[in-house]
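> Got a sequence here, can you model it:
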Amino acid sequence: MIFSLPFAFIGGIWLQYFLGFNFSTAVWVGYIALFGVAVEAGIVMTTATTILALIPILLSTGAGSEIMKPIAAPTVGGMVTATLLNLIIVPVVYAWITRKG
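Residues are numbered from 1 along each chain as shown. The predicted structure is shown next:
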């Protein structure tokens, strides 16, 4: 869907801001990963496994977490908003359009 990437980007920006990460190379790598997975966001199992796999990284405090957290933050935030788009907004808009037609 054409709106998956903008919604994913907005979610990535929100979570990045909420967690206090500045733009860095690691954050941009996270956005690149997000855009690759957000294209497949119509498959709910892909989204769920991506989010579930990255939550432990967001909660980690060990060695390397200062690099991995900025990569995971935009990906998780973007996948959440892309999922909301696919599960809520798209069906509502579809029902609205078909009702008018």
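
> next one: stretch 17-37 to chain centre, how far?
What separates the centre of stretch 17-37 from the centre of its chain is 10 Å, taken as Cα atoms, centre = their mean, to the nearest Å.

> Can you give the contact residues for that stretch?
Applying Cβ atoms under 8 Å, 6 or more residues apart in numbering, the contact partners of stretch 17-37 are 5, 8-9, 12, 16, 46-47, 50, 58, 67-75, 77-79. Where you see a C-beta, it was placed from the backbone N, CA and C, and this is true even at glycine.

> For stretch 32-52, give the distance from the opening residue to the closing one.
19 Å (Cα to Cα, to the nearest Å).

> If you count neighbours, what's buried in that stretch?
Of all the residues in stretch 32-52, those buried under the rule 16 or more other Cβ atoms under 10 Å are Ala33, Leu34, Phe35, Val37, Ala38, Ala41, Thr46, Thr47, Thr50, Ile51.

> Could you identify the helix or strand that succeeds whichever helix or strand the first one is part of?
So the one you mean is Ala33. For Ala33, the element it lies in under DSSP states H and E is helix 25-38. Following helix 25-38 in sequence order, the next helix or strand is helix 44-59 (DSSP H and E).

> From the rest of the structure, what touches that next one?
Contact with helix 44-59 is made by 19, 37, 40-41, 65, 68-69, 71-73, 75-76, 79-80, 82-83, 86-87, as judged by Cβ under 8 Å, 6+ apart.

> Show the buried residues in those.
For the contacts of helix 44-59, a neighbour count by 16+ other Cβ under 10 Å gives the buried set as 37, 41, 68-69, 71-73, 75-76, 79-80, 82-83, 86.

> Turn those into a markdown table, columns for secondary structure, pLDDT and distance to Arg99.
Output for the buried ones among the contacts of helix 44-59, formatted as a markdown table (DSSP: H, G, I helix; E, B strand; the rest coil; pLDDT from 0 to 100; distance: Cβ to Cβ, whole Å):
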| residue | secondary structure | pLDDT | distance to Arg99 |
| --- | --- | --- | --- |
| Val37 | helix | 85 | 32 |
| Ala41 | coil | 65 | 25 |
| Met68 | helix | 91 | 46 |
| Lys69 | helix | 92 | 44 |
| Ile71 | helix | 91 | 42 |
| Ala72 | helix | 93 | 40 |
| Ala73 | helix | 93 | 38 |
| Thr75 | helix | 92 | 35 |
| Val76 | helix | 93 | 34 |
| Met79 | helix | 90 | 30 |
| Val80 | helix | 90 | 28 |
| Ala82 | helix | 87 | 25 |
| Thr83 | helix | 87 | 24 |
| Asn86 | helix | 85 | 20 |
